[in-house]
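*Asks:* Output the structure for:
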Amino acid sequence: MIDLYYWTTPNGHKISLFLEEAGLPYEVHPVNIGQGEQFKPDFLKIAPNNRIPAIVDHQPEDGGAPLSLFESGAILLYLAEKTGQFLPKDLRGRQEALQWLFWQMGGLGPMAGQNHHFSHAAPEKVPYAIKRYIDETARLYGVLDRRLADRDFVAGSEYSIADMAIYPWIVSYKKQSQHLQDFPHVQRWFNRIQARPATERAYAIVQRVNPS
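*Replies:* Numbering: from 1, shown residues only. Here you go, the predicted structure:
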């Protein structure tokens, strides 16, 4: 059993996508970041950076005490290695997937996050910041579109943790002032992942945890 400390954000969805795809048993523990629950001492013992998601694996492979992890990319990599799924086993395929996982962690996620903040949450409108992050988000969509021009998934022909990391950040494309029709290869890839039964199950958790 895996405890998933979760909220309905792109980073939270990454882990529910993996768990649903892999069929691992898990229990959702909502952490309402709007109410500051990420700062509670019990949660900070698991996730010292006070960010979701985090997990506790009660059956780690070494047979030892429950293992806790924070940082969505680290969790995806751990779960892929634990299950032997969604990460190519050959040297080159593995590195392709990991490059794009880290591309999301260091590029798309932070830039789209700043886009969201300055466009929708900042207490004052800062035109320079809004334009900067909308433009950078568009550039990154372009990078992804070129990558997907000749392949079904980011790391090649197989769905991987790289796709799981990137997809939730594309879901909010409208809030990022992006238009999927401008990126036809991303749109094709997006529609393919959206239609997966595990994706539908993962996003159905929203209605149970945070329907507003």
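*Asks:* And the strands in this structure, which stretches?
*Replies:* Ranges of strands within the chain are 2-6, 26-30, 54-57, 67-70, based on DSSP state E.
*Asks:* Output those strands in TSV, with distance to Ile166 and mean pLDDT appended to each entry.
*Replies:* (Each C-beta comes from the backbone N, C-alpha and C, glycine too.) Putting the strands of the chain into TSV (distance: least, CB to CB, whole Å; pLDDT from 0 to 100) gives the following:
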stretch	distance to Ile166	mean pLDDT
strand 2-6	19	98
strand 26-30	22	97
strand 54-57	20	98
strand 67-70	20	98
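*Asks:* In JSON lines: these, plus mean neighbour count and distance to Leu91.
*Replies:* Output for those, formatted as JSON lines (neighbours: other CB atoms under 10 Å; distance: least, CB to CB, whole Å):
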{"stretch": "strand 2-6", "mean neighbour count": "22", "distance to Leu91": "28"}
{"stretch": "strand 26-30", "mean neighbour count": "17", "distance to Leu91": "30"}
{"stretch": "strand 54-57", "mean neighbour count": "23", "distance to Leu91": "26"}
{"stretch": "strand 67-70", "mean neighbour count": "18", "distance to Leu91": "25"}
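*Asks:* Between the ones you listed, which one is closest to Ala204.
*Replies:* Evaluated over the strands of the chain, closeness to Ala204 peaks at strand 26-30, with 11.3 Å, by CB to CB.
*Asks:* Where do the domain boundaries of this protein fall?
*Replies:* Domain ranges of the chain: 2-86+198-209, 91-196, per automatic domain parsing.
*Asks:* quick one: contacts for Gln181?
*Replies:* Gln187 (CB atoms under 8 Å, 6 or more residues apart in numbering).
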